[in-house]
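**Q** Sequence first, then the predicted structure, then my questions.
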Amino acid sequence: MAPVEIQESVDGIVESEREWLYEHAADGSARFVLGEAGQNPLVCVGINPSTAVPNAPDPTIKRVRRFAADNGYDGWTMLNVYPQIATDPKDIDREHRAHLKAENEQHITRLVSDRPVTLLAAWGGLVTSRPYLPALLRDILEITTAAGCDWVSLGAPTKYGHPRHPLYVRGDTLLQSFDTGEYLRASF
């Protein structure tokens, strides 16, 4: 759906009346997909969702929207390695819940299976905060590789080789190609 009206908001984020994508657990404990539809969206992959919902973006979502718009994408989508909602990543499950992993992968597969999309690696060093996160990421990378998706990152990786989180880079940081195969070989 094309934007009906676009205006600049107080915080500098472009607001629109695009169709929202919002897929979440019925009990509100997990979010699988959040975004604004587009024919050529930038799909960001973080570690875990915070409390952002349609029409109430958090700081990370605001940055993802801005990077998408500044780089010529007509929509954006936020996915996560683990879908449990937690405002602090330290609060995510100590052991992953298999049903959340499976449902998250179903949503990701559905999102990328109809067309290859550009995925923004944005999990930062938090991918090492739980022992299960690298394995979940590896499974997601297999899904996206099979779908023919391209990966980018925000500038150069951290000194430990992880892609940078959108909140921790300058607003004018350029997108660059991100080799997920090399990343997996070097990091885990």
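**A** Ah, there it is. Since this is a predicted model, take the numbers as computed values, not measurements. Numbers count the residues shown, from 1 in each chain.
**Q** Do a quick rundown of the strands in this structure.
**A** For the chain, applying DSSP state E gives strands covering 6-8, 14-16, 20-24, 31-36, 41-46, 75-80, 118-121, 150-154, 175-177.
**Q** elements contacting the fourth one?
**A** Put plainly, it is strand 31-36. Packed against strand 31-36 by the contact rule (3 or more CB pairs under 8 Å, 6 or more residues apart in numbering; DSSP states H and E) you find strand 20-24, strand 75-80, helix 98-113. Just so you know, the C-beta spots here come from the backbone N, C-alpha and C atoms, and that holds for glycine as well.
**Q** Can you say which of those is packed in most?
**A** Per residue and on average, the most neighbours among those fall to strand 75-80, with a mean of 25 (mean count of other CB atoms under 10 Å).
**Q** For the chain, give me the ranges with low pLDDT.
**A** When residues are selected by pLDDT under 70, those of the chain lie in 1-17.
**Q** With distance to residue 102 added, can I get the strands of the chain in CSV?
**A** Listed next are these as CSV, based on distance: least, CB to CB, whole Å:
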stretch, distance to residue 102
strand 6-8, 38
strand 14-16, 33
strand 20-24, 14
strand 31-36, 11
strand 41-46, 17
strand 75-80, 14
strand 118-121, 20
strand 150-154, 23
strand 175-177, 30
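**Q** wait, which of these is closest to residue 96?
**A** Between residue 96 and the strands of the chain, the tightest spacing by CB to CB is seen for strand 75-80, at 12.1 Å.
**Q** could you give the angle of that closest one to strand 20-24?
**A** Angle between the axes of strand 75-80 and strand 20-24 is 10 degrees (criterion: axes from the mean of the first three to the mean of the last three CA atoms, to 10 degrees).
**Q** What strands flank strand 75-80, and is each parallel or antiparallel?
**A** Taking DSSP bridges as the criterion, strand 75-80 pairs within the sheet with strand 31-36 (antiparallel), strand 41-46 (parallel).
**Q** Could you tell me the angle between it and helix 98-113?
**A** Here the directions of strand 75-80 and helix 98-113 differ by 150 degrees (the same axes, to 10 degrees).
**Q** Could the C-alpha coordinates of strand 75-80 be exported in PDB?
**A** Presented in PDB, the C-alpha positions along strand 75-80 are these (Å, rounded to 0.1, in the frame of the first residue of the first chain):
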ATOM      1  CA  GLY A  75       9.600   0.100   3.900                       C
ATOM      2  CA  TRP A  76      11.300  -1.600   6.800                       C
ATOM      3  CA  THR A  77      10.800  -4.700   8.900                       C
ATOM      4  CA  MET A  78      12.300  -5.700  12.200                       C
ATOM      5  CA  LEU A  79      13.000  -9.300  13.000                       C
ATOM      6  CA  ASN A  80      15.000 -10.800  15.800                       C
END
